[in-house]
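In: Below are the sequence and a predicted model; questions follow.
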Amino acid sequence: MSDMVMHLIRSDVEDILVRALNGEQLGYDDCIRLMRSRDVNLIGKVANLLKERLYGKTVSFINNLILNYTNVCITYCKFCAFYRPPKHPEGYTVGIDECVRRVGIAKELFNIRQVLMQGGHNPDLRIEYYESIFKAIKSRFPDIAIHALSPSEIDMIARVERSSTREVLSRLKDAGLDSIPGGGAEILDDEVKAVISPLKMKSDEWLRIMEEAHRLGIPSSATMMYGHVESIEHRARSLMKIIELQRRTGGFIAFIPWNFEPNNTELKREGLVRYSSGGMELLKMISIARIMLNRLIDHIQSSWLTNGIGMAQLALHYGSDDFGGTLHGEEVVSATGARATTLTEERIVKAIKQVGMTAVERDNMYNIVRYFD
Ligand code: SF4
């Protein structure tokens, strides 16, 4: 601790880091100063200390399947390389039986504990499509958790059904929905959304649907996609909105920051973003998330999917406690040509062991189900 204090004395954010180590909750101005600081390694060291107080050297991951059930979408986000407009020859929708068949195969081959379902905003899909898939999965594989449909997809279903988002969430929960992913947040600021996703729901809508889900007993993760047209202030405001909601509901179980990958996207074609923000920024965002969310959101994912295994390993020393999922079947990030989007359990365990930590398999609610020596 004394060595640490010596370092803190020389840092431009020492007061913030000392307060964080003392368990204080930090505010918007602190967040801005952390984001402006160049002291990434020290911020990361403090973030790692906070993480180790909770988890020691243990790092979790989940065996899961991603079902990108449709790429048909009418929202045309400029950061997305995955969608195809209606009637496009490359558009697809996976049928109900095929969805269930894929889950069955993944269960048999990889003993998955979670299916993560996300897709485009397809106006042809009624709520019965989702209900049928959830019910079929739950009846055949009751121990597989359904982590599905981010707030913007819930909003799309409500619009198709001319129903309320609360009613949609309630019906989907009855059909087997366990938790919802935090996609669609990107940066929770409408100035940013007006540029990168003008047809997508506004920030307050995302927060409202998350609050509805939490109040219905459906927990969720929260995400931040950074590194495009946003400023540091936008990032800080976005994080503070998540913090404020978490103080009210306690429904977020994990936070996942990931950097925007511009390849094959409109933002790159228009010249608004030329390259991704890179590894140092990732480590900084992971560290700041751990420090800002300390005692509020327990789990910070290191997102190997968008940043690669090497960066995810580093992130484990900067405040992240979770390696994410094995992600068999992922198609959204693969559309950017970024990198391989499947890892085997063996490869994840090895990656965790390589950095001197202990790998544990978890379930959808972050309960440990298996230790690896
Ligand atoms: S990010 Fe989602 S909503 Fe936006 S275009 Fe892609 S699939 Fe559609």
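Out: On my side now, so go ahead. Numbering: from 1, shown residues only.
In: Would you list the phi and psi of the spatially closest residue to T344 that is not a sequence neighbour?
Out: The shortest distance from T344 to any non-neighbouring residue, by C-beta to C-beta, 6 or more residues apart in numbering, is to T326 (6.6 Å). (Glycine included, C-beta is placed from N, CA and C.) Here is the backbone geometry of T326 (degrees, to the nearest 10): phi -70, psi -30.
In: what's the burial count for T326?
Out: Counted with other C-beta atoms under 10 Å, residues neighbouring T326 total 25.
In: likewise K202?
Out: Around K202 there are 13 residues (other C-beta under 10 Å).
In: Just give the closest residue to it, not the sequence neighbours.
Out: Leaving aside its sequence neighbours, K202 sits nearest to D190 (C-beta to C-beta, 6+ apart; 5.3 Å).
In: From C77, how far off is the one you found?
Out: 14 Å (C-beta to C-beta, to the nearest Å).
In: One more: E244?
Out: The spacing between E244 and C77, counted by C-beta to C-beta, is 25 Å.
In: I309 now?
Out: The spacing between I309 and C77, counted by C-beta to C-beta, is 27 Å.
In: Compare those two and say which is more crowded by neighbours.
Out: C77 (23 against 19).
In: contacting residues for that one?
Out: Going by C-beta atoms under 8 Å, 6 or more residues apart in numbering, C77 touches Y83, I196, S197, L199, K200.
In: Intersect those residues with the contacts of the ligand.
Out: Y83, S197, K200 (C-beta under 6 Å from any ligand atom).
In: just the residues you listed now: which is nearest the ligand?
Out: Lowest distance from the ligand to the ones next to the ligand among the contacts of C77 (C-beta to the nearest ligand atom) belongs to Y83, with 3.9 Å.
In: Would you mind giving both backbone torsions of A359?
Out: Phi and psi for A359, reported as degrees, to the nearest 10, are phi -90, psi 140.
In: pretty sure it is touching E346, no?
Out: No: contact status for A359 versus E346: not in contact, 10.2 Å apart, counting by C-beta atoms under 8 Å.
In: who's in contact with the nearest residue to C80 once chain neighbours are set aside?
Out: Nearest non-adjacent residue to C80, counting by C-beta to C-beta, 6+ apart: T265, 6.5 Å away. T265 sits next to K78, F79, C80, A81, V273, T336 when contact means C-beta under 8 Å, 6+ apart.
In: Show me just the buried residues among these.
Out: Buried members of the contacts of T265, scored by 16 or more other C-beta atoms under 10 Å, are K78, F79, C80, A81, V273, T336.
In: thinking again about what came up before, how about the contacts of C77 in TSV, adding secondary structure, pLDDT and neighbour count?
Out: Formatted as TSV, the contacts of C77 follow (DSSP: H, G, I helix; E, B strand; the rest coil; pLDDT from 0 to 100; neighbours: other C-beta atoms under 10 Å):
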residue	secondary structure	pLDDT	neighbour count
Y83	coil	94	21
I196	helix	94	23
S197	coil	94	19
L199	coil	95	12
K200	coil	94	22
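In: out of those, who's nearest F260?
Out: I196 (8.6 Å; C-beta to C-beta).
In: give the contact list for P151.
Out: By C-beta under 8 Å, 6+ apart, P151 lies in contact with T165, I180, G183, G184, A185, M201, E205, W206, I209, M210, A213.
In: Understood, closing this out.
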